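Visitor: What shape does this take:
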Amino acid sequence: MNKHTARCWLGAIAAAGLMVGTAQAADTPSPAATDRLAPARTQIAQKNWPAALAELKRLNDPGSADWQNLMGYSLRKNQPPDHPAAERHYDEALRLNPQHRGALEYSGELYLLTNRLPLAEARLATLDKACLLPCDEYTDLKQAIARYKSKERAEEPAKR
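Guide: The predicted structure is shown next:
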């Protein structure tokens, strides 16, 4: 390969790298959108479900799939949990964004809590398509389903 050909290849590779960087920047959520939910996310990280719910209610952003997902998650984790309300919020998050990985994972976990394995497996199949590369949401739900099935098998002999 001569120097001119090598320079052309290097130029093409550099241009492709710039285009990939631009595509990633276009997909990055705006800081303002992330910042609005930051106080609620902090409460969730601290497992302070009542405070997270209060903050989310204060924000009142039902048109946001992220807001709906966090409401569902907080309602599911709160004591006592409100599974029907959590499911409504997950469903709304998925209506707004059918590929919302968090809502797919968490609604799948809710289905396991309410003994609806086939629905959890359907969410896992949707996550498999939504994640182009392995993603945490897929891995977490797959592991939760495996734990559910092993628990179910362990309880089966006792039922006989």
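
Visitor: next helix or strand past the lowest-mean-pLDDT helix or strand in the chain?
Guide: Least confident helix or strand, the chain: helix 3-27 with a mean of 47, by mean pLDDT, DSSP states H and E. For helix 3-27, the following helix or strand on the C-terminal side (DSSP states H and E) is helix 31-45.

Visitor: Which residue lies nearest the spatial centre of the protein?
Guide: Geometric centre of the chain, nearest residue: Gly102, 1.2 Å, by Cα atoms, centre = their mean.

Visitor: Quickly note the distance from Cys131 to Ala40.
Guide: 25 Å (Cβ to Cβ, to the nearest Å). Bear in mind the C-beta positions are built from the backbone N, C-alpha and C, glycine included.

Visitor: neighbour count winner among those two?
Guide: Counted by other Cβ atoms under 10 Å, Cys131 and Ala40 do not tie: Ala40 has more neighbours, with 25 against 16.

Visitor: The residue nearest to the centre of the chain and Glu137 touch, don't they?
Guide: Yes. Using Cβ atoms under 8 Å, Gly102 is in contact with Glu137, at 6.4 Å.

Visitor: all helices of the chain, in order?
Guide: Listed in chain order, the helices of the chain (DSSP state H) span 3-27, 31-45, 49-59, 65-77, 83-96, 101-113, 117-130, 136-159.

Visitor: in the fifth one, what counts as buried?
Guide: Spelled out, it's helix 83-96. Across helix 83-96, burial judged by 16 or more other Cβ atoms under 10 Å covers Ala86, Glu87, His89, Tyr90, Glu92, Ala93, Leu94, Leu96.

Visitor: how about that helix as CSV, C-alpha atoms only?
Guide: Provided in CSV are the C-alpha atoms of helix 83-96 (Å, rounded to 0.1, in the frame of the first residue of the first chain):
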residue,chain,number,x,y,z
HIS,A,83,-48.7,-3.3,42.3
PRO,A,84,-51.8,-2.2,40.3
ALA,A,85,-50.7,1.4,40.2
ALA,A,86,-47.1,0.4,39.4
GLU,A,87,-48.4,-1.6,36.5
ARG,A,88,-50.4,1.3,35.1
HIS,A,89,-47.3,3.5,35.2
TYR,A,90,-45.1,0.9,33.5
ASP,A,91,-47.8,0.4,30.8
GLU,A,92,-48.0,4.1,30.3
ALA,A,93,-44.2,4.4,30.0
LEU,A,94,-44.3,1.7,27.4
ARG,A,95,-47.1,3.4,25.5
LEU,A,96,-45.0,6.5,25.4
